[in-house]
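1. here is my input; please provide its structure:
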Amino acid sequence: MNLTNQPIWKRPIYLALTALLGVILSFGLHAAIEMIYLTLADKNHWIVKWSAVIGDGLCALPAWLQISLPILGAIGGFLVGRVWWRWVYIKGRWRK
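-> Got it, this is the predicted structure:
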């Protein structure tokens with residue numbers, strides 16, 4: 001299959017969905033990082049500074065990390081989507 005055989009709307013939707021997948025995975029990574037940090041803080045008796053950057057809930061991670069994780073997830077998902085598009089629709093690796 002070649003890129004010219006694909007409908008014009010298919011690639012932008014594919015890239016948007018892989019970017020959304022990156023954002024969703026970044027929330028899982030956020031939760032994992034925060035759980036590890038809180039476990040270490042509890043074990044070592046560190047003082048945890050809570051902040052509410054996004055929404056009403058409190059988070060133990062710094063504000064820059066809370067904001068950068070979803071942004072990096074979207075960018076990473078978009079870039080992965082470009083690679084997957086080339087593998088699946090241009091090179092046809094899924095058929096091999």
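
2. how about the helices in the chain?
-> Assigned by DSSP state H, the helices in the chain fall at 10-44, 63-85.

3. quick one: closest of those helices to residue 95.
-> Closest approach to residue 95 among those (Cβ to Cβ): helix 63-85, 14.5 Å. Placement of C-beta: from N, CA and C, glycine included.

4. okay if I get the helices of the chain as JSON lines plus mean pLDDT and mean neighbour count?
-> JSON lines is the format used below for the helices of the chain (pLDDT from 0 to 100; neighbours: other Cβ atoms under 10 Å):
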{"stretch": "helix 10-44", "mean pLDDT": "96", "mean neighbour count": "13"}
{"stretch": "helix 63-85", "mean pLDDT": "95", "mean neighbour count": "15"}
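
5. TSV for those helices, including distance to residue 53?
-> TSV is the format used below for these (distance: least, Cβ to Cβ, whole Å):
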stretch	distance to residue 53
helix 10-44	11
helix 63-85	5
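
6. residue 52: which of the ones you listed is closest?
-> Of all those, helix 63-85 sits nearest to residue 52, with 9.4 Å by Cβ to Cβ.

7. and the closest one, how far out from the chain middle?
-> The chain centroid and the centroid of helix 63-85 are separated by 5 Å under Cα atoms, centre = their mean, to the nearest Å.

8. measure how it sits relative to helix 10-44, angle-wise.
-> Taking axes from the mean of the first three to the mean of the last three Cα atoms, to 10 degrees, one finds helix 63-85 and helix 10-44 inclined to each other by 140 degrees.

9. mind exporting helix 63-85 as PDB, just the C-alpha atoms?
-> Extracted in PDB, the C-alpha atoms of helix 63-85 (Å, rounded to 0.1, in the frame of the first residue of the first chain):
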ATOM      1  CA  ALA A  63       4.700  22.000  38.900                       C
ATOM      2  CA  TRP A  64       7.200  21.800  36.000                       C
ATOM      3  CA  LEU A  65       7.000  18.000  36.000                       C
ATOM      4  CA  GLN A  66       3.200  18.000  36.200                       C
ATOM      5  CA  ILE A  67       3.000  20.300  33.100                       C
ATOM      6  CA  SER A  68       5.900  18.800  31.100                       C
ATOM      7  CA  LEU A  69       4.800  15.100  31.300                       C
ATOM      8  CA  PRO A  70       1.600  15.500  29.200                       C
ATOM      9  CA  ILE A  71       3.300  17.800  26.800                       C
ATOM     10  CA  LEU A  72       6.200  15.400  26.300                       C
ATOM     11  CA  GLY A  73       3.700  12.500  26.000                       C
ATOM     12  CA  ALA A  74       1.800  14.300  23.200                       C
ATOM     13  CA  ILE A  75       5.000  15.100  21.300                       C
ATOM     14  CA  GLY A  76       6.400  11.600  21.800                       C
ATOM     15  CA  GLY A  77       3.100  10.000  20.700                       C
ATOM     16  CA  PHE A  78       3.000  12.200  17.600                       C
ATOM     17  CA  LEU A  79       6.600  11.200  16.700                       C
ATOM     18  CA  VAL A  80       5.900   7.500  17.300                       C
ATOM     19  CA  GLY A  81       2.800   7.900  15.200                       C
ATOM     20  CA  ARG A  82       4.900   9.200  12.300                       C
ATOM     21  CA  VAL A  83       7.200   6.100  12.500                       C
ATOM     22  CA  TRP A  84       4.300   3.700  12.800                       C
ATOM     23  CA  TRP A  85       2.500   5.300   9.900                       C
END
